[in-house]
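# A predicted structure for the sequence below; I have some questions about it.
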Amino acid sequence: MDVLPLLLLVAGSAAIAGAARRTPVPAPLLLVAVGLAVSYIPGVPDYTLDPDIVLPLVLPPLLYKEGTESSYLDLRANMRPVALLSVGYVLFATFVVGWAAYVIVPGLPLPAALALGAVLAPTDAVAAAAIARRVGLPSRLTTILQGESLLNDATAITAYRVAVAAALGEGASWIHGVGEFLVAAIGGVLVGLALMVPIHWLRTHLQEPLLQNTLSLLIPFVAYGVAEQFHASGVLAVVVVALYLGHRAWEVDFATRLQEDAVWRMVAFLLESAVFALIGLQLPVVLKGLGAYKGIDATWYAIALFLVVVAARFVWIYPAAFLPRLLFRRIREREESPTWRTPVVESWAAMRGVVSLAIAFSIPLTVHDGGDFPQRNLILFLTFTTVIGTLVVQGLSLAPLIRLMKFPPRDVQAETLAEANAQAQASRAAENRLAELLSDERNELPPPLADRLRSVLERRRNAVWERLGQTNPVTGESVDDTYRRLSRDMISAERAVFVRLRDKRYIDDEMLRTLLRRLDLEEAAAYREAA
């Protein structure tokens, strides 16, 4: 691909994603819709989705970002439903959707149909996280969906490889398929376990934040690449490393955490935006190769397969939600009984995304005897239409469905109270430590500086409690909102003076940058204290 089309893709998708924040439509859906519309404009180049780029270069950083922001403790607490979805459902969907495609599409061989089933089985990590954040799913349901989408790609890719091997005439057996799955899964986990501790050690011993963040950008590619070298699951290796590093992120230097958060937000924003725009832009590429299947037949196949994908999710989710409770007393004692509402949303919030398309595009063009892969172009078309269908139909209707289900809202008051109690305990520990330090003559400070340490600590302790208080009757602001606004106004006044002094050549630009950075850090501190 030329440089200019690539730049236009990144810049255009970023602009659309930014504009989506001002609309009620989630950014992934708007990006797909605009991509579909732009694909019809004459002169727009064909943006072919290259699996050799998406799988090793785009998927690892997106999985790493979601993994570091996921809760290891929450995932461990919900491992049973996550495993039932990321392994059980993927295999179930592979066979059900594959068999349905074999029945629906005349002449489609069963191995090729199962390859299509494996392609459409995994839900998308990026889509699930983006939609969940926007529509406000309950926290446990969000954890389960994110955990599923982080882990299910490994199952789907392995099932796809076995099915394609059978379609190519390589004689893959069920035993071979199970063995390959176990090697990929166990190997991926072992590679992740082997890498996570030395990588974390290196992160905590590098002294320069710039080097630490350079390492952070390399981690997902290293984990993925090492695992793939051993024919293990690169996806699982990345997820294991990401969960460990995210769980122990507090041990990294604060400057690294601040910089890393900004860097990864930007990387994820650009990649997610480009990925969803690319999904929509695949339409000309898919239609160009459809050939004899254009028309009513291809449309019927697409609608029927979409309905099968949606129905298969419901068929799996409801027994998976209720049967374990009926069979095992420990589960009944440990977990609350699910209502019928949760499985409905869990079934409907299963968008497919770029991973399905990338896997479909990786289907080889020919088999070993030199012939074409059976109905490859139709498989690409059915994958594309199912991805678009889940993103548009389910994505647009998910928020109204959640409102219709009337899930209990988050208890903001209780969350704030818990935060305030935690801050109070931390503040008491800090006060005791400060008193201990100041009692040592080596740490003697002038009273104003010692009082400043105490006042900063007091402000941090009181800020959370103030959020529980009353709002300003004139402005409607809470106390901490007013504090934040006044701090910013004061810092803005200082910043204007520094710039004016630079313009008058009283200070140079290097000194200005030093002074502005100091103010930026103070403004960030004021924002965090009130946030």
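Happy to help now that I have it. Computed from a predicted structure; not experimentally measured. Numbers count the residues shown, from 1 in each chain.
# which secondary element of this protein has the worst mean pLDDT?
Within the chain, confidence by mean pLDDT, DSSP states H and E is lowest for helix 125-135 among all helices and strands, at a mean of 64.
# whichever helix or strand comes after that one: how far from the chain's middle?
The C-terminal neighbour of helix 125-135 among helices and strands, as given by DSSP states H and E, is helix 139-167. Offset of helix 139-167 from its chain centre (C-alpha atoms, centre = their mean, to the nearest Å): 14 Å.
# repeat that for stretch 401-410.
From the chain centre to the centre of stretch 401-410 is a distance of 23 Å (C-alpha atoms, centre = their mean).
# okay, and the residue nearest the centre of the chain sits in which element?
In the chain, the centroid-proximal residue (C-alpha atoms, centre = their mean) is Glu66; its distance is 3.8 Å. Assigned by DSSP H and E, Glu66 falls within helix 59-69.
# just want the angle from that helix to helix 139-167.
In terms of direction (axes from the mean of the first three to the mean of the last three C-alpha atoms, to 10 degrees), helix 59-69 departs from helix 139-167 by 150 degrees.
# quick one: average pLDDT of helix 59-69?
The average of the pLDDT scores along helix 59-69 is 91.
# could you list the buried residues of that helix?
Neighbour-count burial for helix 59-69 flags 59-68 (criterion: 16 or more other C-beta atoms under 10 Å). Every C-beta, even on glycine, is put in place using the N, C-alpha and C of the backbone.
# which strands and helices sit next to it?
Judged by 3 or more C-beta pairs under 8 Å, 6 or more residues apart in numbering; DSSP states H and E, helix 59-69 is in contact with helix 125-135, helix 139-167, helix 209-229, helix 234-247, helix 254-281, helix 354-361.
# among the ones you listed, which comes closest to Pro45?
Closest to Pro45 of the helices and strands packed on helix 59-69, according to C-beta to C-beta: helix 254-281, at 9.1 Å.
# now do the buried residues in that closest one.
Buried residues in helix 254-281, defined by neighbour count with 16+ other C-beta under 10 Å: 256-257, 259-260, 264, 267-269, 271-281.
# got the angle for that helix vs helix 59-69?
Using the same axes, to 10 degrees: helix 254-281 against helix 59-69 is 130 degrees.
# next, the angle from helix 254-281 to helix 354-361.
If you take the same axes, to 10 degrees, helix 254-281 sits at 50 degrees to helix 354-361.
# so what secondary structure elements neighbour helix 254-281?
Contacts defined by 3+ C-beta pairs under 8 Å, 6+ apart place helix 254-281 against helix 3-20, helix 27-38, helix 59-69, helix 125-135, helix 209-229, helix 354-361, helix 376-389.
# average pLDDT across the helix or strand just after it?
Per DSSP H and E, the first helix or strand lying C-terminal to helix 254-281 is helix 283-288. Per-region confidence: helix 283-288 scores 81 on mean pLDDT.
# could you do stretch 421-441 as well?
82.
# neighbouring contacts of it?
Contacts to stretch 421-441, defined as C-beta atoms under 8 Å, 6 or more residues apart in numbering, come from residues 443-445, 450, 453-454, 457-458, 460-461, 463-464.
# report the two of these separated the most.
Pairwise distances across these (C-beta to C-beta) peak at 31.6 Å, for the pair Glu444 and Val464.
# between the two, which has more neighbouring residues?
Counting neighbours by other C-beta atoms under 10 Å for Glu444 and for Val464 shows that Val464 has the greater number, 22 against 9.
# and the gap between Leu210 and Val263?
Leu210 is 10 Å from Val263, where distance means C-beta to C-beta, to the nearest Å.
# again but with Leu501, I slipped
With distances taken as C-beta to C-beta, Leu501 is found 32 Å from Val263.
# same deal with Tyr160?
In this view, Tyr160 and Val263 are 33 Å apart by C-beta to C-beta.
# and if you look at Ala37?
According to C-beta to C-beta, Ala37 stands 32 Å off from Val263.
# mind listing residues that contact the helix holding Glu66?
125-126, 129, 146, 149-150, 153, 217, 219-221, 223-224, 234-235, 238-239, 241-243, 245-246, 249, 264, 267-268, 271-272, 275, 354-355, 358.
# I appreciate the help and will end here.
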